[in-house]
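Student: What follows is a protein structure lacking sequence information:
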């Protein structure tokens, strides 16, 4: 099975709190990565996304942090920065090397303890645990308290989680996607159109079908039972194809297409869907071939997240 070792100096680490149902996930780029970001939806929570802009001075980022705990969880970013600084990794300012970190949050405060959130120590520990063979999926790291299918409220929801997927372009270039799935909508097998996880009647077990529910007009009678900002899908894509920051940004837009393949509806006012593409190599391929691979990797990572998760409130 392909793992993160296909990419040079890329490692993944998790800290998981199953009791309080939250955690943090870190993707490390010890040699740096050229990155681009695309954020959609109306309820995002992010850190440092401006550094991935083609207009920004810094050429590379050094880590991506996905965290539970909503905005409180962004404290974990500073533990990652500490670990990177201690390992002499960062943007050289001639005075000090400043680690460039991009982060995104999911809202999991309703699932476990609302008062326990990832901390600076959790971020540091995730770096210590990071490896190029970390392939666990489901209720782990930032996906520990993730849920999906909240169009009618938590009583209809199912468990989300972390998912990973790898794709090849020919036999020479690679794409990997890591997704933290905490969506308001349903997760759909994009190849068959069938719902895999989402809003489900707790009595009959039948799918509500979020999009058809919305089209039925019930939501038009008032606001959703969930507060704005309690959902989000976070995706990090890594490739060994050489990209400029502008190309990485365009690739991140295609990553959002992949998110929309698997999450329906996606990019809502209740979601803060976030995608970052990180280039860590110099291989060459057709740009559209790369983007299709990214799109498929993202959609499959989202499916893998829910297929590897355990029932809501029963993850151990």
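Tutor: Arrived safely. Keep in mind that what you see is a predicted model, and the values were worked out from it rather than measured.

Student: residues in contact with the residue positioned nearest the centre of the chain?
Tutor: In the chain, the residue lying closest to the centroid (CA atoms, centre = their mean) is residue 234, at 2.5 Å. Going by CB atoms under 8 Å, 6 or more residues apart in numbering, residue 234 touches 66, 104-106, 142, 179-180, 182, 273-274. C-beta coordinates here come from the backbone N, C-alpha and C atoms, glycine included.

Student: Most neighbours among those, which one?
Tutor: Highest neighbour count within the contacts of residue 234, by other CB atoms under 10 Å: residue 179, with 37 neighbours.

Student: From the chain's centre, how far out is the lowest-mean-pLDDT helix or strand in the chain? Work that out for me.
Tutor: Lowest mean confidence among the helices and strands of the chain (mean pLDDT, DSSP states H and E): helix 210-215, at a mean of 90. Distance, stretch centre to chain centre, for helix 210-215: 25 Å (CA atoms, centre = their mean, to the nearest Å).

Student: just checking, next helix/strand downstream of it?
Tutor: Tracing the chain C-terminally past helix 210-215 and defining elements by DSSP states H and E, one meets strand 232-241 next.

Student: and that following strand, which strands flank it?
Tutor: Sheet pairing of strand 232-241 (DSSP bridges) gives strand 173-182 (antiparallel), strand 274-283 (parallel).

Student: so which of these is the most packed in?
Tutor: Highest mean neighbour count among the strands paired with strand 232-241 (mean count of other CB atoms under 10 Å): strand 173-182, with a mean of 28.

Student: just how off-centre is that one within its chain?
Tutor: With CA atoms, centre = their mean as the basis, strand 173-182 stands 8 Å off its chain's centre.

Student: got the residue ranges for the helices in this structure?
Tutor: For the chain, applying DSSP state H gives helices covering 76-86, 120-129, 210-215, 245-262, 287-307.

Student: what angle sits between the longest one and strand 274-283?
Tutor: In this case it means helix 287-307. Here helix 287-307 points in a direction 130 degrees away from that of strand 274-283 (axes from the mean of the first three to the mean of the last three CA atoms, to 10 degrees).

Student: least reliable of the helices of the chain going by mean pLDDT?
Tutor: Set side by side, those give their lowest mean pLDDT on helix 210-215, at a mean of 90.

Student: List the buried residues in it.
Tutor: Neighbour-count burial for helix 210-215, counted by 16 or more other CB atoms under 10 Å, picks out 210-211, 213-214.

Student: Kindly report the same for stretch 264-272.
Tutor: Under the neighbour-count criterion of 16+ other CB under 10 Å, stretch 264-272 has 264-268, 270-272 buried.

Student: In a markdown table, list those residues along with pLDDT.
Tutor: Output for the buried residues of stretch 264-272, formatted as a markdown table (pLDDT from 0 to 100):
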| residue | pLDDT |
| --- | --- |
| 264 | 95 |
| 265 | 94 |
| 266 | 94 |
| 267 | 94 |
| 268 | 91 |
| 270 | 90 |
| 271 | 92 |
| 272 | 91 |
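
Student: Between the helices of the chain, which one is closest to residue 12.
Tutor: Of all those, helix 120-129 sits nearest to residue 12, with 8.9 Å by CB to CB.

Student: still on that earlier bit, of all the strands paired with strand 232-241, which one comes closest to residue 120?
Tutor: Nearest to residue 120 among the strands paired with strand 232-241 is strand 173-182; the distance by CB to CB comes to 19.6 Å.

Student: Direction-wise, compare the closest one with helix 245-262 and give the angle.
Tutor: Angle, strand 173-182 to helix 245-262, by the same axes, to 10 degrees: 50 degrees.
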